[in-house]
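Enquirer: let me see the structure of the following:
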Amino acid sequence: MLLAHPVVLGNLVDQYETLRVLRAEDGSPELRRRMDDLAYSLCISTGTKDVDAALVAARHRLPGTGVREDSLLAA
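Expert: Residues are numbered from 1 along each chain as shown. Below you'll find the model as predicted:
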């Protein structure tokens with residue numbers, strides 16, 4: 001499996017988390033589509049099928065990020 005470059009992976013995580021904090025899933029169709037595209041890209045980049053699993057896998061692959069508490073992802 002090809003792995004995304006850490007800079008690309010970090011950028012995907014940052015964009016997805018920003019949209020999630022802004023509750024883009026409740027926004028315009030364009031914002032929801034962008035969030036879906038980011039979720040898909042994260043899943044493809046990490047070899048997962050679920051965006052929460054993709055975020056966990058991405059965090060473990062990013063340099064300088066230790067293991068973080070992931071239990072709040074589903075909140």
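Enquirer: helices of this protein, residue ranges please.
Expert: 6-21, 29-46, 51-61 (DSSP state H).
Enquirer: so which other helices or strands are in contact with the second one?
Expert: Helix 29-46 makes packing contacts with helix 6-21, helix 51-61 when contacts are defined by 3 or more C-beta pairs under 8 Å, 6 or more residues apart in numbering; DSSP states H and E. C-betas here are computed from N, CA, C, even on glycine.
Enquirer: any chance of these in a markdown table, plus mean neighbour count and distance to Asp36?
Expert: Converted to a markdown table, the helices and strands packed on helix 29-46 look like this (neighbours: other C-beta atoms under 10 Å; distance: least, C-beta to C-beta, whole Å):
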| stretch | mean neighbour count | distance to Asp36 |
| --- | --- | --- |
| helix 6-21 | 15 | 10 |
| helix 51-61 | 18 | 9 |
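Enquirer: for Ser41, which of the ones you listed is the nearest?
Expert: Between Ser41 and the helices and strands packed on helix 29-46, the shortest gap by C-beta to C-beta is with helix 6-21, which sits at 5.5 Å.
Enquirer: same question for that closest one, mean pLDDT?
Expert: Averaged across helix 6-21, the pLDDT comes to 92.
Enquirer: residues contacting it, please?
Expert: Contacts with helix 6-21, where a contact means C-beta atoms under 8 Å, 6 or more residues apart in numbering, come from 3-4, 25, 31, 34-35, 38-39, 41-42, 45-46, 51, 55, 58-59, 61-63.
Enquirer: ChimeraX command to pick out the buried ones of those?
Expert: ChimeraX command restricting those to the buried ones, with burial defined by 16 or more other C-beta atoms under 10 Å:
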select :4,34,35,38,39,41,42,45,46,51,55,58,59,61
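Enquirer: sketch out the low-pLDDT regions of this structure for me.
Expert: 1, 65-75 (pLDDT under 70).
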